[in-house]
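Undergrad: build me a model from this:
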Amino acid sequence: MTADFLHENSWQADAIGFIAAVHGPVVEVNCRMLPPLRRALITQVDGETFMFEVHQHLDQHHIRAITLHETGGLYRGMPVYDSGASLHVPVTGDCLGRLLNVFGEPLDGGEPLAAEEFRNIHTGPPPLAATLENRGIIETGIKVIDLLCPFVAGGKTGLFGGAGVGKTVLVMEFMHAIAAIHHGVSVFAGVGERLREGHELWTEMRKADVMRNTLMVFGQMDESPGVRFRVGLSALSYAEFLRDTMKKEVLFVMDNVFRFVQAGSEISSLLGRMPATVGYQPTLHTEVAELQDRILSTDNGSITSVQAVYVPADDMSDPAVNVILKHLDTTVILSRQQASKGIYPAIDPLISTSKLMDRYSLGNTHYAVAEGVREAMAKYAELEDIITMLGIEELSKQDRMTVLRARKLQRYFTQPFWATAAYTGMAGKSVPLAATLTDCEAFLLGKFDDIPEERCYFQGSMQEALQ
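TA: Numbering: from 1, shown residues only. Okay, here's the model as predicted:
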């Protein structure tokens, strides 16, 4: 849908109605005939095209639509035209390496995409019979994740945490891992990103040489809630194209899902709906499910999803957080307490988990090592208050040994990232799962008891650390 839409589609040039009122991003239109819900409507001001999406039928001749552009310049009585379709985006095999907006238009200063086809952003999921079950774990090279909360290939992973605990850094590291280890492609949906954040991320992705295997779609914080509500679906349409047509293994990254929920809440309030639990929209479950249920693997390829989820006030009982949790296979909880100790990635190893954490899925060795590590770290967490008050010397010999090994494991799980190499001066380390299992088993058996804790801090594998 370009600015020349009206001229190129003269058969649609008859207005279906006119603007009756404008309330912020909400536009009321008086129509001769009601357009269907989710239909994209357009109007023009001084050669510039404005697009709206139909969200509500008020009566037989009035609708409410949410604008997908700014409303400056709109006025009552302006003619409104039916685009003839829902919002759709141009797709092409050359879309990788590009930075786009919710309409599929370039934000990177490059040429517009030469569309091979257009995809409706409101398509449904593939038929149930065409979907594939999850196919084991996918290695990320991040020690604590691969051992204790492994990602499910073709599944969905949520990174939960408050502000400033490292969600975006982890997201960038995953995208690097998919490109470097699995030679796959990534689609990044930036929902409500600040302009500074978006520019930094785009720059870092190019510096890390990850951008050529990545497509980024941004709906920025200063844009209409309609844009922030739909940018995830636009990005997902590109992921589906890469899966279905290009037959790629796709990592779909969304940063972050909570802003998608917030945009839906804004729209719900603007449309005058009665709020539900804690002020969220009554359609919260449906809106989240509509997005999550399209993230599937088929015979053509797979979509593995990693989603950053902001946790308001670090409260995991927040209704929006709970709704998102129900759709995930792996939950990675980022802890402010871990971050305050200088443990990065600040993942809480005791409450982060995966549905593959069983002996059948992981195998005996992986399962036994993971359980041994959790047991040691749980014991350490249990004794921390006693150690603070009385000192470690007051513990029994067995408890003291368990605590010392758990502290070394805690430091072993820190790791230099490729995504932060420019700031830390340390080259990123990717550790194969087999090396992580060998190292952790050795920690549990006491083979590293003579090594000081500092030698375990921000290292790759122990073989590299001891060289």
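Undergrad: so what's the residue of the chain most remote from its centre closest to, chain neighbours aside?
TA: Distance from the C-alpha centroid of the chain peaks at residue 394, with 45.5 Å (C-alpha atoms, centre = their mean). Across the structure, with C-beta to C-beta, 6 or more residues apart in numbering as the measure, the residue nearest residue 394 apart from its sequence neighbours is residue 386 (7.2 Å). C-beta: built from backbone N, CA, C; applies to glycine.
Undergrad: what is the burial count for that neighbour?
TA: By the criterion of other C-beta atoms under 10 Å, residue 386 has 14 neighbours.
Undergrad: hang on, it in a strand?
TA: No. Assessed with DSSP: H, G, I helix; E, B strand; the rest coil, residue 386 is helix; it does not lie in a strand.
Undergrad: from residue 405, how far off is it?
TA: For residue 386, the distance to residue 405 under the criterion C-beta to C-beta, to the nearest Å works out to 17 Å.
Undergrad: do residue 111 as well
TA: 57 Å.
Undergrad: also residue 147?
TA: Residue 147 is 15 Å from residue 405, where distance means C-beta to C-beta.
Undergrad: repeat for residue 325
TA: Between residue 325 and residue 405 the distance is 32 Å, computed by C-beta to C-beta.
Undergrad: so which of these two has more stuff around it?
TA: More neighbours sit around residue 405 than around the other of residue 325 and residue 405, counting by other C-beta under 10 Å; the figures are 22 against 13.
Undergrad: if I read this right, that one contacts residue 450, doesn't it?
TA: No. With contact defined as C-beta atoms under 8 Å, residue 405 and residue 450 do not form a contacting pair (11.9 Å).
Undergrad: can you pull out the strands in the stretch 51-200 of the chain?
TA: Residue ranges of the strands in the stretch 51-200 of the chain, as given by DSSP state E, counting those that start in this stretch, are 62-67, 79-86, 88-91, 99-100, 117-120, 137-138, 151-152, 156-161, 185-193.
Undergrad: redo the ones you listed as a markdown table? Include mean pLDDT.
TA: Output for these, formatted as a markdown table (pLDDT from 0 to 100):
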| stretch | mean pLDDT |
| --- | --- |
| strand 62-67 | 95 |
| strand 79-86 | 92 |
| strand 88-91 | 94 |
| strand 99-100 | 94 |
| strand 117-120 | 93 |
| strand 137-138 | 88 |
| strand 151-152 | 90 |
| strand 156-161 | 92 |
| strand 185-193 | 90 |
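Undergrad: which among the ones you listed is found nearest to residue 371?
TA: Closest of those to residue 371 is strand 137-138, at 16.1 Å (criterion: C-beta to C-beta).
Undergrad: strand partners (parallel or antiparallel) of the closest one?
TA: Sheet pairing here is set by DSSP bridges, and for strand 137-138 it gives strand 151-152 (antiparallel).
Undergrad: need the residues that contact the strand it pairs with.
TA: Taking contacts as C-beta atoms under 8 Å, 6 or more residues apart in numbering, the residues outside strand 151-152 that touch it are 134, 136-138, 140, 145, 157, 304, 306, 329-330, 354-356.
Undergrad: and for stretch 188-205?
TA: Residues contacting stretch 188-205 (C-beta under 8 Å, 6+ apart): 99, 108, 168, 171-172, 175, 211, 214-222, 228, 231-232, 234-236, 252-257, 259-260, 262-263, 419, 422.
Undergrad: run through the stretch 151-300 of the chain and note the low-pLDDT ranges.
TA: Using pLDDT under 70 as the threshold, the predicted model of the stretch 151-300 of the chain has no low-confidence range.
Undergrad: helices of that one, start to end?
TA: In the stretch 151-300 of the chain, the segments counted as helices under DSSP state H, counting those that start in this stretch are 167-180, 195-207, 225-244, 257-270, 284-292.
Undergrad: okay, those helices, which one's buried deepest?
TA: The highest average neighbour count among these, using mean count of other C-beta atoms under 10 Å, belongs to helix 225-244 at a mean of 25.
Undergrad: which helices and strands does the helix or strand harbouring residue 322 pack with?
TA: Residue 322 is part of helix 319-325, with elements assigned from DSSP states H and E. The criterion is 3 or more C-beta pairs under 8 Å, 6 or more residues apart in numbering; DSSP states H and E, and the helices and strands that helix 319-325 contacts are strand 156-161, helix 257-270, helix 284-292, strand 302-310.
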